[in-house]
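> Predicted model and sequence below, questions to follow.
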Amino acid sequence: MAWLLVVVAGLLETGFAVCLKLSHGFTRLWPTVAFCIFALGSFGLLTLSLKKLDVGPAYAVWTGIGAAGTAIYGMIFLDDLVSTLKIVSIVFVIAGVIGLQLSGSAH
């Protein structure tokens, strides 16, 4: 269950990163509100998961999901540059996240 919280927290991190861009420096109301909701949810779930998980693997999985998710979202919806190197790098991040999740031990 703790790993599920980390995964959802990582997806929420993607949401807050995208909303941060869409807020244009917190000058747009609804993306700023969404950023706050996603950020609070993400940090809250990560905090709950850390009651059962080691901080290193949990934090790495959280940031990996957020980074890969944000990059993928940006390429699909925000016209970010798409390149072979970027896609291969995202695959490596995802592989690392899976490896860390598998190596993480619950207390």
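Received it, and whenever you're ready, just let me know what you need.
> For the rest of this, base every contact and every neighbour count on C-alpha atoms.
Noted.
> Would you agree residue 66 falls within a helix?
Yes: assessed with DSSP: H, G, I helix; E, B strand; the rest coil, residue 66 lies in a helix.
> Distance check, it against residue 17.
For residue 66, the distance to residue 17 equals 8 Å [CA to CA, to the nearest Å].
> These two: which is more packed in?
In this view residue 66 and residue 17 are compared by other CA atoms under 10 Å, and residue 66 has more residues nearby, 25 against 19.
> Look up how far residue 31 lies from that one.
To residue 31, residue 66 is 17 Å away according to CA to CA.
> Also residue 22?
Distance from residue 22 to residue 31, by CA to CA: 6 Å.
> again, but for residue 43
Residue 43 is 18 Å from residue 31, by CA to CA.
> Same question for residue 3.
Counting by CA to CA, the separation of residue 3 from residue 31 is 28 Å.
> before we move on, what about residue 89?
On the measure of CA to CA, residue 89 and residue 31 end up 28 Å apart.
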